[in-house]
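1. next one to model:
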Amino acid sequence: MRALLFIVLILLGQVLSTDEYDEYDTDTPAPEPVQAQSNPVPPKPAQTRTQERQQQSEDLDDDEFITHQPEQHRPTEPPKSQAVEQDVKVPSDWPGFLTFWGMELLSVTILAIYGLNFYLGSTENEHIATSWGKRYLQLFSNNFQKVGDVSPIVKQSQNVFTLSATGRQHCVGLHSIVELKRRHDLMFKIIGMFSPSYDKLTIDIAMDNDMAMMVLGIFPNRNEKSIKKEPELKDILRFAKYRQIQAKAFPSDKLVVYSDSLEVVEALDDAGVFHDLAENHAAIESIHVTDQCLWNSKYKKSMRLVFLLPDARNMDSLESLMDLSMYLIDVIGKIKLSPQANTKACRAREDHAAAQRTKDDVKQEQERKQEEKYKRDQEALEKMSPGEREKEEKRRAKKILKKKQNAKVKVMYS
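-> As a prediction, this is how the structure comes out:
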């Protein structure tokens with residue numbers, strides 16, 4: 001890509017230098033002014049034509065007279081100053097590359113580069129997605145009864161590919177999303193030089209209803225602030241707490257763990273999950289297990305794993321995390337909370353539901369009061385005279401306008 005941009009700069013430089021050279025050519029020397037003679041020759045007295053011919057014949061010898069031929073008339077050449085003026089081009093007000101064919105060449109070059117980048121970027125994305133699919137298709141086939149419909153990998157767009165699988169214990173199904181960088185888009189590729197993005201693999205797993213009530217989140221430290229921003233992670237803010245992992249190999253400075261139950265953390269530690277995460281923490285974006293799923297309204301008990309996807313040549317480096325994804329389905333599905341932990345989890349969800357119902361009830365009550373007030377105002381307006389009605393409508397319009405202005409001021413200073 002850099003080589004293509006370098007070629008475009010060279011072509012533009014040649015166009016600019018050629019146009020400037022044509023318009024401002026100064027190699028032709030300017031005609032020298034004729035200097036006036038200091039001692040001009042005095043004019044001779046007028047003579048008749050006969051006397052001039054006799055004088056010329058007397059000055060010539062016999063041989064010169066015989067060999068003399070009349071001079072042929074040749075077309076007169078324009079003065080040197082006029083020829084120079086005809087060759088010099090008057091520079092226009094437009095830049096040099098806009099005159100003649102520079103703009104057309106630039107447009108064609110940009111379109112060619114955009115088309116070439118679209119083809120190369122799309123091909124590279126397809127190669128990465130295909131490499132991932134071929135490398136781990138056997139893993140999905142060993143863990144699920146059915147993988148894909150017509151083909152295992154479905155191309156949704158130039159940078160999004162999906163794979164679905166169904167038929168496994170402890171889960172309803174799996175949906176994988178390979179979301180790659182927009183390599184086919186030249187504008188996003190240029191923006192990516194200043195704000196880099198990464199290829200990601202998202203694995204959404206719809207769990208069975210037998211899954212215990214839990215909210216678990218594992219994030220790298222660099223993404224810890226996103227918990228408060230992402231709407232899909234509100235359940236972690238509502239129910240989960242930060243948990244200190246006691247495993248020796250677990251990188252507490254690299255990964256953070258949130259859970260609503262300490263028993264879930266202990267079960268994962270006993271299963272060796274944290275040891276596997278420690279070895280591959282650099283490729284982990286998030287692991288989210290919840291019974292309050294906000295990204296899939298159909299399946300409330302779900303698990304989402306997001307990993308950074310390597311390039312096509314290093315796809316084997318993702319093997320341990322892919323195996324861990326299949327292993328987590330069984331580990332999470334087999335966790336059984338104690339009666340105390342289960343009661344605590346149920347109470348927390350009931351309290352949240354009651355608070356949510358209270359908010360909804362308050363909101364509905366406010367809406368009901370507003371409707372009743374509007375009806376009373378309309379009835380009072382109908383009983384007024386035309387003059388009073390007009391004044392009342394102006395007063396209400398003024399009041400509404402003032403509220404809108406106050407709302408804009410609050411938004412500006414918030």
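2. what ranges does the protein have for its strands?
-> Taking DSSP state E as the test, the strands found in the chain are 146-147, 153-155, 160-168, 171-179, 200-207, 215-220, 241-243, 255-259, 284-290, 302-308.
3. how about the second one: buried residues?
-> To tie it back to what came earlier, the one meant is strand 153-155. Residues 153, 155 are the ones in strand 153-155 that count as buried (16 or more other C-beta atoms under 10 Å). C-beta coordinates here come from the backbone N, C-alpha and C atoms, glycine included.
4. go on, the fourth one?
-> Within strand 171-179, the residues scored as buried using 16+ other C-beta under 10 Å are 171-179.
5. kindly reformat the strands of the chain as JSON lines containing mean pLDDT and distance to residue 139.
-> Shown next, in JSON lines, are these (pLDDT from 0 to 100; distance: least, C-beta to C-beta, whole Å):
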{"stretch": "strand 146-147", "mean pLDDT": "92", "distance to residue 139": "10"}
{"stretch": "strand 153-155", "mean pLDDT": "92", "distance to residue 139": "14"}
{"stretch": "strand 160-168", "mean pLDDT": "94", "distance to residue 139": "10"}
{"stretch": "strand 171-179", "mean pLDDT": "94", "distance to residue 139": "11"}
{"stretch": "strand 200-207", "mean pLDDT": "95", "distance to residue 139": "12"}
{"stretch": "strand 215-220", "mean pLDDT": "92", "distance to residue 139": "21"}
{"stretch": "strand 241-243", "mean pLDDT": "90", "distance to residue 139": "30"}
{"stretch": "strand 255-259", "mean pLDDT": "92", "distance to residue 139": "24"}
{"stretch": "strand 284-290", "mean pLDDT": "93", "distance to residue 139": "18"}
{"stretch": "strand 302-308", "mean pLDDT": "95", "distance to residue 139": "14"}
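6. can you lay out those strands as TSV showing distance to residue 369?
-> TSV is the format used below for these (distance: least, C-beta to C-beta, whole Å):
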stretch	distance to residue 369
strand 146-147	54
strand 153-155	51
strand 160-168	47
strand 171-179	44
strand 200-207	42
strand 215-220	36
strand 241-243	39
strand 255-259	40
strand 284-290	36
strand 302-308	39
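7. which regions of the chain lie under the pLDDT threshold?
-> By pLDDT under 70, the low-scoring segments of the chain are 1-100, 407-414.
8. scan it for its longest helix.
-> helix 339-383 (DSSP state H).
9. and it, what other elements does it pack with?
-> Applying 3 or more C-beta pairs under 8 Å, 6 or more residues apart in numbering; DSSP states H and E, one finds that helix 339-383 contacts helix 234-239, helix 386-413.
10. return the distance of the shortest one from the chain's centre.
-> The one in question is helix 234-239. Computed by C-alpha atoms, centre = their mean, to the nearest Å, the chain-centroid distance of helix 234-239 equals 30 Å.
11. got a markdown table for the buried residues of strand 171-179, with distance to residue 382 too?
-> Below are the buried residues of strand 171-179 laid out as a markdown table (distance: C-beta to C-beta, whole Å):
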| residue | distance to residue 382 |
| --- | --- |
| 171 | 62 |
| 172 | 58 |
| 173 | 60 |
| 174 | 63 |
| 175 | 58 |
| 176 | 63 |
| 177 | 58 |
| 178 | 63 |
| 179 | 59 |
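12. neighbours around residue 168, how many?
-> By the measure other C-beta atoms under 10 Å, the count of residues near residue 168 is 20.
13. what's the closest non-adjacent residue to it?
-> Nearest non-adjacent residue to residue 168, counting by C-beta to C-beta, 6 or more residues apart in numbering: residue 144, 5.0 Å away.
14. quick check: that neighbour vs residue 166, distance?
-> 6 Å (C-beta to C-beta, to the nearest Å).
15. for residue 111, same thing?
-> Residue 111 is 45 Å from residue 166, by C-beta to C-beta.
16. neighbour-wise, which of those two wins?
-> When residue 111 and residue 166 are compared for neighbours, residue 166 comes out ahead with 15 against 10, by other C-beta under 10 Å.
17. distance of the more buried one from residue 173?
-> 4 Å.
18. got any residues that touch both of these two?
-> residue 144 (C-beta atoms under 8 Å, 6 or more residues apart in numbering).
19. residue 153 and residue 133 touch, don't they?
-> Yes - applying C-beta atoms under 8 Å as the test, residue 153 and residue 133 come out as touching, 4.4 Å apart.
20. list residues touching both of the two?
-> Contacts common to residue 153 and residue 133, judged by C-beta under 8 Å, 6+ apart, are 161, 163.
21. list of residues touching stretch 242-249?
-> For stretch 242-249, using C-beta under 8 Å, 6+ apart, the contacting residues are 252, 256-259, 262, 265, 269, 274-275, 278-279.
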